[in-house]
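Novice: mind looking at a prediction? Sequence and model below.
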Amino acid sequence: MELNQFAIQTKGLHYAFRQKTPVVNQLSLQVPTGSIYGFLGPNGAGKTTTMRLLTGMLPNPTDNIYLFGKSLQQHIPQVFESVGTLIEMPSLYLHLSATDNLRIICKLRGITEANIGKTLSIVGLSQVAKRKVKEFSLGMKQRLGIAMALLPEPKLLMLDEPVNGLDPAGIIEMRKLLLQLNQEQGLTIFISSHLLNEVEKTCNHVGIIHKGILQFQGSLNDLYQNSQQQGVEVVFKIPELTNYFAQIESQYPKAQQLNATLLQLQLPSELAIASTNEWMAQQHIPVTGIQSKQGLEEWFMNITKN
């Protein structure tokens, strides 16, 4: 890809507080235009610091951040005309309505108020546009924050932990909104998160950071392929397992008997589950249940531990 085919690109991005251990260490991000990119890592991995560098909230003396091919350092503030951001919780006027909150943003940024109604509709708040924000749920406040970021009609949306603190219904609503913004509005969305499961459901590209270092970057399919190299942990439920364990162990030397009915096997991939179950049927070993632990979760834990 050429430089301008990335909505975000960094080249060896580095940051340390007061010359201590780097919080961000030689980070080279490549966020394809049109993607939903999940920037994934445990708490304290360097995600929020990276977001603050990308949005100019932290000083970066090195010219190594590019937004849509333009140098951040050389094009501040013009480069942010095509960028909407929501870093942590939005600052809202709780005693005012959703509409009035957006009017204030329009005045501060010199944006026309003509987009307010459309923006509230996009985030699903048009029915409560005149309600005071203090009556909003946390999920509604978060969507109002996204509405603020959408007012200038950006091409890129950067969100820091957008589902943090939301209940399951709020998480589902947020996921639907982000997918809609990407698919219907054509936005590139960059999301920082520590929730692997949510990134899987929302994003098509992923970067994994740990201790400031980028451990993985690629498409979601690339991520699955990398995780499958670790294999899949599968538990078979077999009544009276003790009667069959020696026979199973002769075929699968690393088999583990967890209790009287549960057998654990480490298989090379999901595809191997069917062939293993077929072998057991041929050997007249009664299998009454199968549960697999995806290699992705285990792989993620392995690269972000210690």
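Specialist: Cool, got the structure.
Novice: buried residues in stretch 83-97?
Specialist: Across stretch 83-97, burial judged by 16 or more other C-beta atoms under 10 Å covers 83-87, 90, 92, 97. (C-beta placed from N, C-alpha, C; glycine too.)
Novice: revised request: answer the last question for stretch 72-83.
Specialist: For stretch 72-83, a neighbour-count test (16+ other C-beta under 10 Å) marks 72-73, 79-80, 82-83 as buried.
Novice: what do you get for stretch 54-64?
Specialist: 54-56, 58, 60, 64.
Novice: out of those residues, which sit inside helices?
Specialist: Of the positions in the buried residues of stretch 54-64, Leu54 sit in helices, assigned by DSSP state H.
Novice: what sits up against stretch 224-242?
Specialist: Under the criterion C-beta atoms under 8 Å, 6 or more residues apart in numbering, residues 216, 218, 244, 257-270, 272-273, 276-277, 280, 285-296, 298-300, 302 lie in contact with stretch 224-242.
Novice: spell out which helix or strand contains Cys106, please.
Specialist: Using DSSP states H and E, Cys106 maps to helix 98-109.
Novice: what's in contact with that helix?
Specialist: By C-beta under 8 Å, 6+ apart, helix 98-109 touches 92-93, 96, 111-113, 115-116, 119-120, 125, 128-131, 133, 136, 144, 147-148, 151-152.
Novice: in strands only, show me those residues.
Specialist: Under the assignment DSSP state E, the contacts of helix 98-109 contribute nothing to strands.
Novice: mark which of these are buried, thanks.
Specialist: Taking 16+ other C-beta under 10 Å as the criterion, what is buried in those is 92, 111, 115-116, 119-120, 125, 128, 133, 136, 144, 147-148, 151-152.
Novice: the worst-scoring helix or strand of the chain on mean pLDDT - contacts with which helices or strands?
Specialist: Lowest on mean pLDDT, DSSP states H and E among the helices and strands of the chain sits helix 295-303, with a mean of 73. Of the remaining helices and strands, those touching helix 295-303 by 3 or more C-beta pairs under 8 Å, 6 or more residues apart in numbering; DSSP states H and E are helix 196-202, strand 205-210, helix 220-228, strand 232-237.
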